[in-house]
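J.: sequence unknown, structure follows:
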């Protein structure tokens, strides 16, 4: 941690200690005051006098304060009395002094309510104290991270290994280093002539050659315009560069902390801009430096190790600017190739001119509009969300991070921007929906999943240079990119540095320039599949590959992938490849293996996405080991929230209509199973995370009967923010379709009804049809005057022939299947709504539906025990240090 960051941490801890100390003084002072007050009240015989004494003390209208009870207003206490009005009680007491109809029981009831108010205040301070002690325990756990147990036991061992977990991990790390070195220090010289010939074969015909010439001109212009920038670095450029670097895994946490400080310091940004502008002015002389760049395995949030460079911060900013600039501009140029209808093939059969005129003749204007069909929606989504997905469309999008930043699920400031996680889930929904539709329309469908082995590390420099030159990258930039690729590396192993050796293969991981190069190379794969497999769209998230459709066409697409990867010097990862198809007689070349997505597996028999329970059990066992090694209650909660609240949620797949309600029911059942596996070892043990946490708190802090609300509610309301994994699914469950297949049946029924209506309209009106303006006109005006008056209406086969191109109903069905229903919140009772008004610190309009559900569920307990929805007053909580500690991300300790 940097010195300033360390000072900030020490300051927050000092403030926290001060808050905790003041809190304890308040608690002790109130306990003393309450004890004396109740002793005085108990010595008073008259009920009215007891109530008045309680009122005066609670309202702060004692002789010492100089305040008069008659002048007291409820607002003086800022809502701390909940729904109880002290002023009303005082006025009712005045009434009871004269009015004999006020019963004594009411006076006794007021006394009990005031005593309860004192107890609620005591309870709030008690839980504030508990909160402080929990936080102190977390602060004492300086690592604030979970470490694995030293030895795996029995059934937790990997295979038959008897070695301790740490020894197994060290062995795997050594294997990773050896594999990395075997790739990057050994060049792979691919056949430049063969790659060029392959690319030439993809740009056949006058239109394609024209598009290629235009592309090369654009790319040359990109390079020249970047070089023409005399001083490209300014405060704005530095800020979007820094934000992008903070989102990826390139830099260490220590260096990211420094970057965050740079963002806040205008003087530092000015100095950095000056240095980098001078460096850019001498681009042709740029080098990595002679000392070599340290390289070592670095653990990622998902538990995997990646061999990463540890480079200078200024170097990282400089290279990120160049990479992001090339990425944004190159993506725009390559997208124009995809949008060129004379080059990029369509995946569906288009209507001929005569077919379109016949439809308009029999059905009316607007009934042959391709912009209303599924094919257009599919192509638009492909171009917008999936095409070269690792490259950003804008520098603003670049600050969100890349596709492989799986833990990045923050909502961007611009709602039109989709996070990498959102795009990944969207693709899953599209795949599931397309499979349903294709199977219903055509009877058979094939789907393929694949991956390129050691993609970034194995990329041939020859391949990269050949592709970039083919697309027109200027030679000045080729010299720079050669220097960039041939990074002088020194391996770090147990603190020892190896000799400096230049990289001969692969690209540095997590660099924007590397992403630009990788996507440029793999664009040739996208183009090959489209050109050689009748317009098939290759859905590719970096090197994760998906495609589906007609079985024979999909088989051809796979053969195109194999041919292209072989020419480019890439290797298909057989372990991560699989397919589902009708049979080897139709698809003899498709890869063997399952089609999976996270914990989901596509069942080849029923065509449903089912959750692989064995995968869930393996990760649950690992989670149990990590939870058991947590050193504090808060570190336990942080790990629980990260793994159960985010990781498992992503791996199960976001609910959508294409999965149906059955998918949510499976997830709910599995979450119950997960908690039983984690906490239900025997009949006497706890069965839920809340029972386990209650037990932990009782054992460590001696506090019994902790309410669920204290565990679940957010920090703003004095809770511990434990994730409840069930509620988010229950919020959407009732609004998911029960059966996705039923929706397709409805489509077919609607299609038949539409056909019948159009036929009857045409026949009953003697050849009149509906125009685009919604009025009946003679069909001959729309088609051609020489048509036969007795021509028969089109058949059902012709009516349905181009469904994917023009059927608005099919498009609506598809969009419905892809849809994730809005969360439909719980109905809020009057008591809860009234209590919300008393908690002014919380912006209720922004509160998640999950928390509103919890508030309503536990409202009776909250109102009874704490007098409102807030367990602990926000001002008593050290939320600053809480935010800092919660920002630490949790890492899986093993890779399964």
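T.: Yes, it's here. Quantities reported herein were computed from a predicted structural model and do not represent experimental measurements.
J.: what about residue 87, neighbour count?
T.: By other CB atoms under 10 Å, the residues close to residue 87 number 18. Heads up, the C-betas are built off the backbone N, CA and C, glycines and all.
J.: now residue 548, what's its secondary structure?
T.: For residue 548, the assignment made with DSSP: H, G, I helix; E, B strand; the rest coil gives strand.
J.: shift numbering so it begins at 530
T.: With the count now opening at 530, the last piece we talked about shows up as residue 1077.
J.: quick one: it and residue 963 touch, right?
T.: Yes. Proximity of residue 1077 to residue 963 meets the contact threshold set by CB atoms under 8 Å, at 6.0 Å.
J.: between those two, which one's more packed in?
T.: residue 1077 (25 against 21).
J.: now do the same contact list for the more buried one.
T.: Residue 1077 makes contact with 960, 963, 964, 967, 974, 975, 976, 977, 1083, according to CB atoms under 8 Å, 6 or more residues apart in numbering.
J.: what's the distance between it and residue 1332?
T.: Distance of residue 1077 to residue 1332, computed by CB to CB, to the nearest Å: 17 Å.
J.: now residue 954: closest residue in space, sequence neighbours ignored.
T.: Of all residues beyond its chain neighbours, the one nearest residue 954 is residue 1183 (4.5 Å), with distances taken as CB to CB, 6 or more residues apart in numbering.
J.: give me the pLDDT for the one you found.
T.: pLDDT, residue 1183: 96.
J.: doesn't it lie inside a helix?
T.: No. Looking at residue 1183 with three-state DSSP, it is coil, so not inside a helix.
J.: so it sits against residue 1348, correct?
T.: No. Using CB under 8 Å, residue 1183 makes no contact with residue 1348, being 10.9 Å away.
J.: on that earlier part again, with the contacts of residue 1077 in mind, which one is nearest to residue 1101?
T.: residue 977 (10.8 Å; CB to CB).
J.: C-terminal to the helix or strand hosting that closest one, what's the next element?
T.: Using DSSP states H and E, the element containing residue 977 is strand 975-980. Of the helices and strands lying after strand 975-980 in sequence (DSSP H and E), the nearest is helix 984-987.
J.: so what touches that next one?
T.: Looking at what lies outside helix 984-987 - CB under 8 Å, 6+ apart - the contacts are 709, 712-713, 717, 836, 981, 1034-1036, 1038, 1043, 1047, 1071-1072, 1098-1100.
J.: again with stretch 1261-1269
T.: Contacts for stretch 1261-1269 (CB under 8 Å, 6+ apart): 962, 965, 1184-1194, 1197, 1272, 1345-1346, 1349-1353.
J.: now with 10 Å?
T.: Stretch 1261-1269 has contacts (CB atoms under 10 Å, 6 or more residues apart in numbering) with 961-962, 965-966, 969, 1137, 1183-1194, 1196-1197, 1255, 1258, 1272, 1274, 1342, 1345-1346, 1348-1353, 1378.
J.: ChimeraX command for the buried members of these?
T.: Buried residues among these (16 or more other CB atoms under 10 Å), as a ChimeraX selection:
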select :961,962,965,966,969,1137,1183,1184,1185,1186,1187,1188,1189,1190,1192,1193,1196,1255,1258,1272,1342,1345,1346,1348,1349,1352,1378
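J.: pretty sure residue 1042 contacts residue 844?
T.: No. Using CB atoms under 10 Å, residue 1042 is not in contact with residue 844, being 11.7 Å away.
J.: neighbour count winner among these two?
T.: Neighbour totals were compared for residue 1042 and residue 844, and residue 1042 leads with 22 against 16 (other CB under 10 Å).
J.: what about that one, is that helix, strand or coil?
T.: Applying three-state DSSP: residue 1042 is helix.
J.: save the contacts of residue 1077 as CSV, and put in distance to residue 1231 too.
T.: Below are those laid out as CSV (distance: CB to CB, whole Å):
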residue, distance to residue 1231
960, 53
963, 58
964, 56
967, 62
974, 61
975, 62
976, 57
977, 59
1083, 64
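J.: tell me the one among these nearest to residue 881.
T.: In terms of CB to CB, no member of the contacts of residue 1077 lies closer to residue 881 than residue 967, at 23.5 Å.
J.: and the nearest residue to residue 801 once chain neighbours are set aside, what is it in contact with?
T.: In space, and not counting its chain neighbours, residue 801 is closest to residue 767: 6.0 Å by CB to CB, 6+ apart. Residues counted as contacts of residue 767 (CB under 10 Å, 6+ apart) are 788, 791, 792, 797, 798, 799, 801, 802, 805, 846, 850.
J.: could you rerun that using 8 Å?
T.: 791, 798, 801, 802, 805, 846.
J.: any idea which element it lies in?
T.: Assigned by DSSP H and E, residue 767 belongs to helix 764-776.
J.: in that helix, what counts as buried?
T.: So, applying 16+ other CB under 10 Å, buried residues of helix 764-776: 766, 767, 769, 770, 771, 772, 773, 774, 775, 776.
J.: so where is the stretch 630-779 of the chain shaky, pLDDT-wise?
T.: Residue ranges of the stretch 630-779 of the chain with pLDDT under 70: 671-698.
J.: scratch that, the stretch 1130-1279 of the chain is what I was asking about
T.: Low-confidence segments of the stretch 1130-1279 of the chain (pLDDT under 70): 1211-1215.
J.: show me where it has its strands.
T.: Remark: strands assigned in the stretch 1130-1279 of the chain by DSSP state E, counting those that start in this stretch are 1138-1140.
J.: now swap in the chain and tell me
T.: Taking DSSP state E, the strands of the chain run over residues 822-828, 834-838, 975-980, 1017-1022, 1025-1026, 1030-1031, 1068-1070, 1073-1078, 1107-1109, 1125-1126, 1129-1131, 1138-1140, 1297-1299, 1305-1307.
J.: any chance of those in CSV, plus distance to residue 1242?
T.: Shown next, in CSV, are the strands of the chain (distance: least, CB to CB, whole Å):
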stretch, distance to residue 1242
strand 822-828, 33
strand 834-838, 37
strand 975-980, 41
strand 1017-1022, 45
strand 1025-1026, 50
strand 1030-1031, 56
strand 1068-1070, 37
strand 1073-1078, 39
strand 1107-1109, 44
strand 1125-1126, 34
strand 1129-1131, 32
strand 1138-1140, 30
strand 1297-1299, 58
strand 1305-1307, 63
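J.: hey, least reliable of those by pLDDT?
T.: With a mean of 58, strand 1297-1299 has the lowest mean pLDDT of the strands of the chain.
J.: so how far is residue 667 from the residue lying closest to residue 1269 once chain neighbours are set aside?
T.: Spatial nearest neighbour of residue 1269, chain neighbours left out: residue 1189 (4.9 Å); criterion: CB to CB, 6+ apart. Applying CB to CB, the value for residue 1189 to residue 667 is 42 Å.
J.: before we move on, what about residue 1125?
T.: Using CB to CB, residue 1125 is found at 37 Å from residue 667.
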